[in-house]
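Q: sequence first, predicted model second:
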Amino acid sequence: MTAPDESTSAVETAFAGALSKSQLAYTHLRDRIALHDLGPGYRLVLQSIADELSMSVVPVREAIRRLEAEGLVTYERNVGARVAMIDEHGYVDAMQALGVVEGAATGLSAQGISPVDLARAAEVNERMRALLDHFDPHMFTALNRQFHSVLFESCPNPLLLDMVHRGWAQLSGLRDSTFAFVPGRAHDSVAEHVYLLDLIAGGAEPIEIEIAARDHRWATMQAFLDARAGRAGADAASADAAVAAAARPHQTQHRETP
């Protein structure tokens, strides 16, 4: 009578072990992509990763499938899995989606954020402000993540919180630091952080906090798009000037004879 139970228990144990190894591989790869240890285009070799983590290729394959579903990894026939390349459209999509879910998570978190949490977020923001004079975009981005984590980690909806975490991971895989491309945005970002903290400390309605957090995220996206458009316009103007100069007929000065 006990044999079926023992057999079932063994199967369940093995299944749980496989799931935990898959989660381990997933977390390991996602973190390395987020930290840019594995850069865009890096080829993910199943056996090498499995050997590194002392496991079979099965949980590694499952982890890579999850990362592919999240847009962090792409699969090419006859090539295999690679870390996703930087894609402007993908970046915009990720920022739009993150603005929505992070805004909602921040609004729902507001009532659970303690004065100690607010003080910690304010301290992180002051460290960000101190970087403005001698700007380090990578450090600024890391502190920015810490700041926002304080504001959304108290979200009571675990599904929504997981979506925020995925959004940050996907964004990290697409671009190391938006602030490296638009450093001027950093000043506005610090000021908007103060506004968010004031809303939360003042007991503003969750929807007001949600909209402010969403607009804050989208403002960074818009700054990136405006900078790209500006550079593209400048490049086009330079190209037009070069073409016009090349097409201008050569003028020879003739000396008048008396």
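A: All right, it came through fine.

Q: what comes up buried for stretch 78-94?
A: 81-84, 90-92, 94 (16 or more other CB atoms under 10 Å). All C-beta spots, glycine's among them, are computed from the backbone N, C-alpha and C.

Q: restricted to helices, list those residues.
A: 90-92, 94 (DSSP state H).

Q: in the stretch 1-150 of the chain, which spans are helices?
A: For the stretch 1-150 of the chain, the helices defined by DSSP state H, counting those that start in this stretch cover 2-34, 46-53, 57-69, 88-109, 115-130, 137-152.

Q: dump the ones you listed into TSV; add distance to Leu199 as well.
A: Converted to TSV, the helices of the stretch 1-150 of the chain look like this (distance: least, CB to CB, whole Å):
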stretch	distance to Leu199
helix 2-34	28
helix 46-53	43
helix 57-69	35
helix 88-109	10
helix 115-130	11
helix 137-152	10
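
Q: follow-up on the earlier one: in CSV: the buried residues of stretch 78-94, plus distance to Ala212 and pLDDT.
A: Compiled in CSV, the buried residues of stretch 78-94 are given as follows (distance: CB to CB, whole Å; pLDDT from 0 to 100):
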residue, distance to Ala212, pLDDT
Ala81, 39, 91
Arg82, 37, 88
Val83, 33, 85
Ala84, 30, 77
Gly90, 26, 80
Tyr91, 22, 86
Val92, 21, 90
Ala94, 20, 90
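
Q: from these, which two are the most distant?
A: Maximum pairwise distance in those, criterion CB to CB, is 24.1 Å, between Ala81 and Val92.

Q: check contacts around the residue nearest to Val194 when sequence neighbours are not counted.
A: Computed as CB to CB, 6 or more residues apart in numbering, the closest residue to Val194 that is not its neighbour in sequence is Asn125, at 6.8 Å. When contacts are counted by CB atoms under 8 Å, 6 or more residues apart in numbering, Asn125 touches 147, 190, 193-194, 197.

Q: one more pass at 7 Å, please.
A: 147, 190, 193-194 (CB atoms under 7 Å, 6 or more residues apart in numbering).

Q: any idea which residue is closest to the centre of the chain?
A: Leu171 (2.0 Å; CA atoms, centre = their mean).

Q: mind checking how far it is from His134?
A: Leu171 sits at a distance of 25 Å from His134 (criterion: CB to CB, to the nearest Å).

Q: surely Arg129 and Ala191 touch.
A: No: using CB atoms under 7 Å, Arg129 is not in contact with Ala191, being 9.2 Å away.

Q: which of the two has more residues huddled nearby?
A: Set side by side, Arg129 and Ala191 show more neighbours around Arg129, with 18 against 11, by other CB atoms under 10 Å.

Q: contact partners for that one?
A: Val190.

Q: okay, now Tyr75: neighbour count?
A: Neighbour tally, Tyr75, other CB under 10 Å: 12.

Q: which residues touch the closest residue to it other than its chain neighbours?
A: Closest residue to Tyr75 apart from its sequence neighbours, by CB to CB, 6+ apart: Ala81 at 5.3 Å. Contact analysis of Ala81 by CB under 7 Å, 6+ apart lists 44, 64, 73, 75.

Q: also Ala119?
A: Counted by CB under 7 Å, 6+ apart, Ala119 has zero contacts.

Q: residues in contact with stretch 201-213?
A: Contacts of stretch 201-213 (CB under 7 Å, 6+ apart): 102-104, 106-108, 110, 118, 195-196, 199-200.

Q: let's go with 6 Å and repeat that
A: 103-104, 106-107, 110, 118, 196, 199 (CB atoms under 6 Å, 6 or more residues apart in numbering).

Q: try stretch 99-111
A: Taking CB under 6 Å, 6+ apart as the rule, stretch 99-111 contacts 151-152, 154-155, 160-161, 163-164, 167, 200, 206, 209-210, 213-214, 217-218.

Q: just the ones of these in helices?
A: 151-152, 160-161, 163-164, 167, 200, 206, 209-210, 213-214, 217-218.

Q: restricting to C-alpha, output stretch 212-223 in PDB.
A: The C-alpha coordinates for stretch 212-223 follow below in PDB (Å, rounded to 0.1, in the frame of the first residue of the first chain):
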ATOM      1  CA  ALA A 212       3.100  60.600 -11.500                       C
ATOM      2  CA  ALA A 213       5.300  57.500 -11.400                       C
ATOM      3  CA  ARG A 214       4.100  56.500 -14.900                       C
ATOM      4  CA  ASP A 215       4.800  60.000 -16.400                       C
ATOM      5  CA  HIS A 216       8.200  60.000 -14.700                       C
ATOM      6  CA  ARG A 217       9.100  56.800 -16.500                       C
ATOM      7  CA  TRP A 218       7.700  58.000 -19.800                       C
ATOM      8  CA  ALA A 219       9.500  61.300 -19.500                       C
ATOM      9  CA  THR A 220      12.800  59.400 -19.600                       C
ATOM     10  CA  MET A 221      11.700  57.500 -22.600                       C
ATOM     11  CA  GLN A 222      10.700  60.700 -24.400                       C
ATOM     12  CA  ALA A 223      14.000  62.300 -23.600                       C
END
